[in-house]
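# Structure for the following, please:
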Amino acid sequence: MREWIYGRNPVYELLRADRRQMFRLLVADGIQRKGRIASIFDICSEKEIPIELVPRKLLDRIQISNQGVLLEASAYPYATLLDMLGLAEGLSEAPMLLILDTLQDPQNLGTLLRTAESVGVHGILLPLRRTATVTPAVVNASSGASEHLLITQINLAQAIRALKEQDIWIIGFESGPGAQLVDKTALRGPLALVIGAEAEGIRHLVRKSCDQLMQLPMRGRIESLNAAVAGSIALYLAWEARGFS
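Numbers count the residues shown, from 1 in each chain. Next comes the predicted model:
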């Protein structure tokens, strides 16, 4: 399966990560070869990826938000839970994972992937159904951060049981009864943060599997934060608890 990755940063990061098969680069005729575009040309030349100069209207017919570049590539390479735990072990770090329970908005998923990559998350777990996946829209929303992450689609209940067997603490973030205010001391060790869907929150069975439920303090009048915002704050709090290392 092939797909078109669009946008200068997403295309650049995909080329730099070098985890997919890349077939050809389409570039708007007359585009200035400077900045990111120059870097994209250089990497494609180095990797011997064909470059085709085409009219801008051809790019627009494929994807309107192209920024003058489209890269034809193979589908996103999903990882496994073992890959993620192996990455943490190889870095001599306590595992820090992100579980996204039926998050369906591509923009929210992309935002969380970008934050996860920024704070050094070892892997992201998505459910097998009712979830946004790593599509070109998500790659674009993450500004290409998805290409440097380990992401898996997996049965979350089974995955959580496996994580608990590895002494990884499962912490669900949502507001409501039973959720304590965030405690940074609980975020220091091996952990997996659970963020629920935009409207429904964390599903009942996944919530029951959490070792602890936490919520962010709220001072204003609204009841909750956007899933991507809440998840991003939680990730930075977890990173801070580790001493930003």
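
# Quick check: end-to-end length of stretch 20-36?
20 Å (Cα to Cα, to the nearest Å).

# where along this structure do the helices fall?
Secondary structure of the chain (DSSP state H): helices at 8-17, 36-47, 56-62, 81-90, 106-119, 136-141, 156-165, 204-209, 227-241.

# mind checking which of those helices is nearest residue 100?
Smallest distance to residue 100 across those (Cβ to Cβ): 6.7 Å, for helix 106-119. Backbone N, C-alpha and C define where each C-beta goes, glycine included.

# quick one: contacts of the closest one?
96, 98, 100, 103, 124, 132, 134-135, 137-143, 145-146, 148-149, 151, 195, 198, 226-228, 231-232, 235-236, 238-239 (Cβ atoms under 8 Å, 6 or more residues apart in numbering).

# Are any of the residues you listed buried, and if so which?
With burial judged by 16 or more other Cβ atoms under 10 Å, the buried subset of those is 96, 98, 100, 103, 124, 132, 134-135, 137-143, 145-146, 149, 151, 195, 227-228, 231-232, 235, 238-239.

# from the middle of its chain, how far away would the worst-scoring helix or strand of the chain on mean pLDDT be?
Counting by mean pLDDT, DSSP states H and E, the chain has its least confident helix or strand at strand 180-181, which shows a mean of 88. Chain-centre distance of strand 180-181: 26 Å, with Cα atoms, centre = their mean, to the nearest Å.

# returning to what we had before: would you format the helices of the chain as CSV with mean pLDDT and distance to residue 73 included?
Output for the helices of the chain, formatted as CSV (pLDDT from 0 to 100; distance: least, Cβ to Cβ, whole Å):
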stretch, mean pLDDT, distance to residue 73
helix 8-17, 98, 6
helix 36-47, 97, 12
helix 56-62, 97, 13
helix 81-90, 98, 20
helix 106-119, 97, 17
helix 136-141, 98, 9
helix 156-165, 96, 27
helix 204-209, 93, 32
helix 227-241, 95, 25
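
# okay, these in CSV with distance to residue 70 next?
Formatted as CSV, the helices of the chain follow (distance: least, Cβ to Cβ, whole Å):
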stretch, distance to residue 70
helix 8-17, 8
helix 36-47, 11
helix 56-62, 6
helix 81-90, 29
helix 106-119, 18
helix 136-141, 10
helix 156-165, 34
helix 204-209, 37
helix 227-241, 26
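
# If anything else comes up later, I'll come back, but that's it for now.
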